[in-house]
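Enquirer: The sequence and its predicted three-dimensional model are supplied below.
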Amino acid sequence: MALTVLAPVSGTVVAMADVPDPVFAEGMVGPGIAVDPILDGAPSIVVAPISGVVAALHPHAFVVTDAGRRGVLVHLGIDTVQLGGEGFSVHVSTGDTVRAGDHLITWSPADVAAGGRSPLVPVVVLETPPDRLDTLAAPGTRVAAEAAPGTPLLRVT
């Protein structure tokens, strides 16, 4: 059964190869795409890209797995682990069941950028061969996270 991955944040789609971190850019974590979030200074709500269970959770990153045990990693900015959770408000816990579009985290991509870090948001489908992933939103496309149901980014076949 195909899995559609929705945009976890609003912004502009960026090719994973353009993410300024070789772990993501070279696909070491897995295939995916990134979103350059809106930097208007307002807090940004991060939503679940798929329905499932919050399998891993940090203030700057999370994984949601679906019923078929397929996981989607969302990483909020690059090198944001160094912030120690500062600037991130987490609204769920590990083990929670979520629906695509549920609010999971609030953060300020503008604050991340002002601190000298990239606010790009990699969205990675874990343990999936690249040939099983279709890109639904090409680089340069504007996407919305909070529109119901959210802009589709990727499809896993």
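Expert: Looks like it arrived, so ask away. Numbers count the residues shown, from 1 in each chain.
Enquirer: Tell me where the protein has helices.
Expert: Using DSSP state H, the helices found in the chain span residues 22-25, 109-114.
Enquirer: Mean neighbour count, the ones you listed: which tops it?
Expert: Most buried of the helices of the chain, by mean neighbour count (mean count of other Cβ atoms under 10 Å): helix 109-114, with a mean of 20. For glycine as for every other residue, the C-beta is placed from the backbone atoms N, C-alpha and C.
Enquirer: Which elements pack onto that one?
Expert: The helices and strands touching helix 109-114, judged by 3 or more Cβ pairs under 8 Å, 6 or more residues apart in numbering; DSSP states H and E, number zero.
Enquirer: Can you pull out the residues in contact with it?
Expert: Contacting residues not belonging to helix 109-114 are listed as 9, 11, 37-42, 44, 76-77, 80, 83, 87, 118-119, 121 [Cβ atoms under 8 Å, 6 or more residues apart in numbering].
Enquirer: Excluding chain neighbours, what is closest to V98?
Expert: Nearest non-adjacent residue to V98, counting by Cβ to Cβ, 6 or more residues apart in numbering: A48, 4.3 Å away.
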